[in-house]
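Q: Predicted model and sequence below, questions to follow.
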Amino acid sequence: MEVRSVYNIQVMCDKIPCQLIPRTRLQVWFFRVCSSIFLWTCLVQLVAVGELWHPRLLTGLTNRIPWITHPHLRLQHSLHSPPPLVPHRNYKSNGFLKVSCNGGLNQMRAAICDMVTVARLLNLTLVVPELDKTSFWSDHSDFEDIFDVRHFIDSLRDEVRIVKRLPKRFSRKHGFEAFRMRPVSWSNEKYYLEQILPLFSKYKVVHFTKTDTRLANNGILHDLQKLRCRVNFQGLKFTPEIETLGYKLVRILQEKGPFMALHLRYEMDMLAFSGCTHGCTVEEAEELKRLRYVYPWWREKEIVSEERRQKGLCPLAPEEASLILQALGFDKETQIYIASGEIYGSERRLAPLRAAFPRIVKKETLLDPVELQQFQNHSSQMAALDFMVSVASNTFIPTYDGNMAKVVEGHRRYLGFKKSILPDRKKLVELLDLHQNGTLPWNDFALAVRQAHDKRMGQPFRRRIIPDKPKEEDYFYANPQECLCEGTNCEDLLGPGNSNTLQ
């Protein structure tokens with residue numbers, strides 16, 4: 001017998017040739033690892049098959065293995081089996097449609113739905129949309145930073161072919177330049193078929209440089225309207241990182257009871273764009289005016305704030321929102337989630353609202369700063385979190401009818417007409433001024449506010465159609481009625497008559 005050192009370990013060799021021992025131990029170790037992997041694979045497969053054939057067959061077993069029945073929140077969505085892929089729609093593509101979206105998250109969201117629909121109508125191949133990186137928010141997020149791009153492509157492949165990028169032969173490196181244009185706003189199918197489709201025969205690739213409201217609200221084929229909804233409600237899914245944190249926010253809020261999502265659109269960009277300075281200091285009003293001149297695409301420069309406010313074109317100020325919420329019957333125990341970015345004037349402007357409703361929270365107060373760190377300086381990703389909370393809230397109240405307010409309203413209708421109080425700002429300004437100058441006592445003021453909103457709670461109704469004035473009619477994504485009911489149920493749900501048409 002002799003003693004040898006193998007990797008500094010003293011090995012006793014007796015009868016068995018010493019040089020064989022390290023190799024033999026390696027084989028044993030390898031066999032054990034493979035056996036363990038095999039057994040765990042068999043166990044997981046057994047659980048899955050058992051649940052498929054008989055959900056209660058392995059209940060006793062799974063109850064003893066907690067992570068199988070209650071996976072960590074981050075894993076819950078990834079562990080779900082992905083839905084089976086829908087078959088490809090076979091068609092001869094007429095060319096490639098490249099689009100550059102403009103605006104904030106929800107304006108771009110609606111535009112993406114429209115562009116998928118246009119690609120389907122014209123039998124085009126859609127390139128994954130580019131997101132706006134040059135607007136006020138200076139967010140450099142790409143599509144895949146906000147939306148699950150693989151899900152987007154796969155879930156819609158039975159309708160339209162979507163690719164991540166153009167083929168190399170259509171790149172600038174090969175000397176190719178796509179035809180760039182802005183489609184006419186609020187256009188119908190005839191416009192796209194007669195004026196846009198022929199461009200693809202000539203150029204092969206057409207690049208839409210603006211995409212906001214480029215498809216009409218009404219007069220579109222029913223199947224295409226349904227496709228717009230499908231993209232919106234099913235095709236556009238946030239990334240796992242955003243969804244995980246969004247669901248965590250919702251869970252934290254729900255554990256504390258029912259909650260309201262208040263989309264307090266009292267942010268610098270909105271005030272500068274709209275010219276609304278009610279309640280601002282002289283210095284703040286000048287700052288907002290200077291900002292308005294910085295951005296050339298904000299066309300109106302000289303704006304009389306009070307005139308716009310009297311017309312109901314300004315967002316409610318925090319102190320105005322406080323009075324309205326109290327008049328609607330909400331008390332100091334109401335849990336309110338502020339779904340917005342930084343409020344202009346910060347805590348000074350929030351003080352009246354916080355005094356009346358001390359249970360005000362924001363994502364920044366509910367989450368650890370480390371959790372939000374990856375989303376900092378990415379306004380669209382932060383807006384995605386607010387979007388998820390707003391859709392899930394018990395009550396949603398926007399203080400301005402911008403893109404987020406409208407798209408969230410439409411989602412809540414789709415989810416069963418969840419309560420959304422839609423302020424009549426023109427009427428509210430009139431009532432607020434009467435109350436604040438002492439003309440209208442509180443009880444009368446509160447009664448008038450409630451009466452003005454009896455039919456503005458997100459109930460079913462048909463979209464208003466205003467011929468030749470699409471900007472003034474109801475927005476498709478706020479009330480996608482074609483997707484909210486089927487067959488004869490629509491009449492019972494939406495009321496008599498084919499439409500609410502205003503001449």
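A: Thanks, I have it.
Q: use CA for all of it now, contacts and neighbours both
A: Fine.
Q: Sort out which residues of stretch 161-175 are buried, please.
A: Arg161, Ile162, Val163, Leu166, Phe170 (16 or more other CA atoms under 10 Å).
Q: actually stretch 374-389, not the one I typed
A: 375, 378-389.
Q: how about stretch 311-329: buried residues?
A: 312-328.
Q: Tell me which entries of those residues lie within helices.
A: Judged by DSSP state H, the buried residues of stretch 311-329 include Pro318, Glu319, Glu320, Ala321, Ser322, Leu323, Ile324, Leu325, Gln326, Ala327 as members of helices.
Q: excluding its backbone neighbours, what's nearest Ile242?
A: Excluding its sequence neighbours, the residue lying closest to Ile242 (CA to CA, 6 or more residues apart in numbering) is Leu385, at 6.7 Å.
Q: quick one: that neighbour and Glu241 touch, right?
A: No: here Leu385 does not reach Glu241: they are 10.3 Å apart, not a contact under CA atoms under 8 Å.
Q: circling back to that earlier point, quick check: which element contains the residue nearest to Ile242?
A: Using DSSP states H and E, Leu385 sits within helix 379-392.
Q: from the chain's centre, how far out does that helix sit?
A: Relative to its chain's centre, helix 379-392 lies at 6 Å (CA atoms, centre = their mean, to the nearest Å).
Q: Output it in PDB with nothing but the alpha carbons.
A: Extracted in PDB, the C-alpha atoms of helix 379-392 (Å, rounded to 0.1, in the frame of the first residue of the first chain):
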ATOM      1  CA  SER A 379     -40.800  57.900 -18.400                       C
ATOM      2  CA  SER A 380     -42.600  55.400 -20.700                       C
ATOM      3  CA  GLN A 381     -41.600  52.500 -18.500                       C
ATOM      4  CA  MET A 382     -42.700  54.400 -15.400                       C
ATOM      5  CA  ALA A 383     -46.000  55.200 -17.200                       C
ATOM      6  CA  ALA A 384     -46.500  51.500 -17.800                       C
ATOM      7  CA  LEU A 385     -46.500  50.900 -14.100                       C
ATOM      8  CA  ASP A 386     -49.100  53.600 -13.600                       C
ATOM      9  CA  PHE A 387     -51.100  52.100 -16.400                       C
ATOM     10  CA  MET A 388     -51.200  48.700 -14.800                       C
ATOM     11  CA  VAL A 389     -52.300  50.200 -11.400                       C
ATOM     12  CA  SER A 390     -54.900  52.400 -13.000                       C
ATOM     13  CA  VAL A 391     -56.500  49.500 -14.900                       C
ATOM     14  CA  ALA A 392     -56.600  47.400 -11.800                       C
END
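Q: Show me what that helix is packed against.
A: helix 105-121, helix 143-146, helix 240-255, strand 259-263, helix 403-414 (3 or more CA pairs under 8 Å, 6 or more residues apart in numbering; DSSP states H and E).
Q: For it, which outside residues touch it?
A: 104-105, 137, 139, 141, 145-146, 238, 242-243, 245-247, 249-250, 261-263, 339-341, 375-376, 396, 404, 408, 411-412 (CA atoms under 8 Å, 6 or more residues apart in numbering).
Q: Confirm Glu430 sits in a strand?
A: No: read with DSSP: H, G, I helix; E, B strand; the rest coil, Glu430 is helix and lies in no strand.
Q: tell me which helix or strand of this structure sits lowest on mean pLDDT?
A: Least confident element among the helices and strands of the chain, by mean pLDDT, DSSP states H and E: helix 66-69 (a mean of 32).
Q: Now do the buried residues in stretch 140-159.
A: For stretch 140-159, the neighbour count (16+ other CA under 10 Å) marks 140-141, 143-149, 151-157, 159 as buried.
Q: same question, stretch 189-198
A: Residues Glu189, Tyr192, Ile196, Leu197 are the ones in stretch 189-198 that count as buried (16+ other CA under 10 Å).
Q: show me what contacts the nearest residue to Pro258 once chain neighbours are set aside?
A: Of all residues not flanking Pro258 in the chain, Asn394 sits nearest, at 6.1 Å (CA to CA, 6+ apart). Listed by CA under 8 Å, 6+ apart, the contact partners of Asn394 are Pro258, Phe259, Met260, Ala261, Lys418, Lys419.
Q: And Tyr400, by the same measure?
A: Contacts of Tyr400 (CA under 8 Å, 6+ apart): His263, Leu264, Arg265, Cys314, Pro315, Leu316, Pro423.
Q: The third one reaches Thr399, doesn't it?
A: It stands for Arg265. Yes: under the criterion of CA under 8 Å, Arg265 makes contact with Thr399 at 6.1 Å.
Q: Between those two, which is the more surrounded one?
A: Using other CA atoms under 10 Å as the criterion, Arg265 and Thr399 rank with Arg265 on top: 28 against 23.
Q: That one should be in a helix, yeah?
A: No: counting by three-state DSSP, Arg265 falls outside a helix, being coil.
Q: Against Leu415, how distant is it?
A: Distance check for Arg265 against Leu415: by CA to CA, to the nearest Å, it reads 24 Å.
Q: Can you list the buried residues in stretch 435-455?
A: Those buried within stretch 435-455 under the rule 16+ other CA under 10 Å are His435, Leu440, Phe445, Ala446, Ala448, Val449, Arg450.
Q: Now intersect the residues you listed with the helices, please.
A: His435, Phe445, Ala446, Ala448, Val449, Arg450.
Q: okay if I get those residues as a markdown table plus distance to Thr334?
A: Listed next are these as a markdown table, based on distance: CA to CA, whole Å:
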| residue | distance to Thr334 |
| --- | --- |
| His435 | 23 |
| Phe445 | 21 |
| Ala446 | 17 |
| Ala448 | 22 |
| Val449 | 18 |
| Arg450 | 17 |
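Q: Let me have those residues in a markdown table, extended by distance to Lys427 and pLDDT.
A: Compiled in a markdown table, those are given as follows (distance: CA to CA, whole Å; pLDDT from 0 to 100):
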| residue | distance to Lys427 | pLDDT |
| --- | --- | --- |
| His435 | 12 | 97 |
| Phe445 | 11 | 98 |
| Ala446 | 13 | 98 |
| Ala448 | 9 | 98 |
| Val449 | 8 | 98 |
| Arg450 | 11 | 97 |
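Q: what packs against whichever helix or strand Asp223 is part of?
A: Using DSSP H and E, Asp223 sits in helix 222-230. Judged by 3+ CA pairs under 8 Å, 6+ apart, helix 222-230 is in contact with helix 105-121.
Q: got the angle between the helix it packs on and helix 379-392?
A: Relative orientation of helix 105-121 versus helix 379-392 (axes from the mean of the first three to the mean of the last three CA atoms, to 10 degrees): 90 degrees.
Q: strands paired with the helix or strand just after helix 105-121, and their directions?
A: Note on helix 105-121: by DSSP H and E, the next helix or strand toward the C-terminus is strand 125-127. Strand 125-127 sits in its sheet next to strand 96-99 (parallel), strand 161-163 (parallel), going by DSSP bridges.
Q: and of those, who's closest to Arg456?
A: Taking CA to CA, strand 96-99 is the member of the strands paired with strand 125-127 nearest to Arg456, at 35.4 Å.
Q: So for that closest one, what gets flagged as buried?
A: Under 16+ other CA under 10 Å, the buried positions of strand 96-99 are Phe96, Leu97, Lys98, Val99.
Q: What of stretch 471-488?
A: Glu473, Asp474, Tyr475, Phe476, Tyr477, Ala478, Asn479, Pro480, Gln481, Glu482, Cys483, Leu484.
Q: quick one: the first one from Gly458, how far?
A: Glu473 is 17 Å from Gly458, where distance means CA to CA.
Q: picking that back up, let me have the helices and strands packed on helix 379-392 in JSON lines, adding distance to Leu271 as columns.
A: Formatted as JSON lines, the helices and strands packed on helix 379-392 follow (distance: least, CA to CA, whole Å):
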{"stretch": "helix 105-121", "distance to Leu271": "18"}
{"stretch": "helix 143-146", "distance to Leu271": "26"}
{"stretch": "helix 240-255", "distance to Leu271": "27"}
{"stretch": "strand 259-263", "distance to Leu271": "15"}
{"stretch": "helix 403-414", "distance to Leu271": "15"}
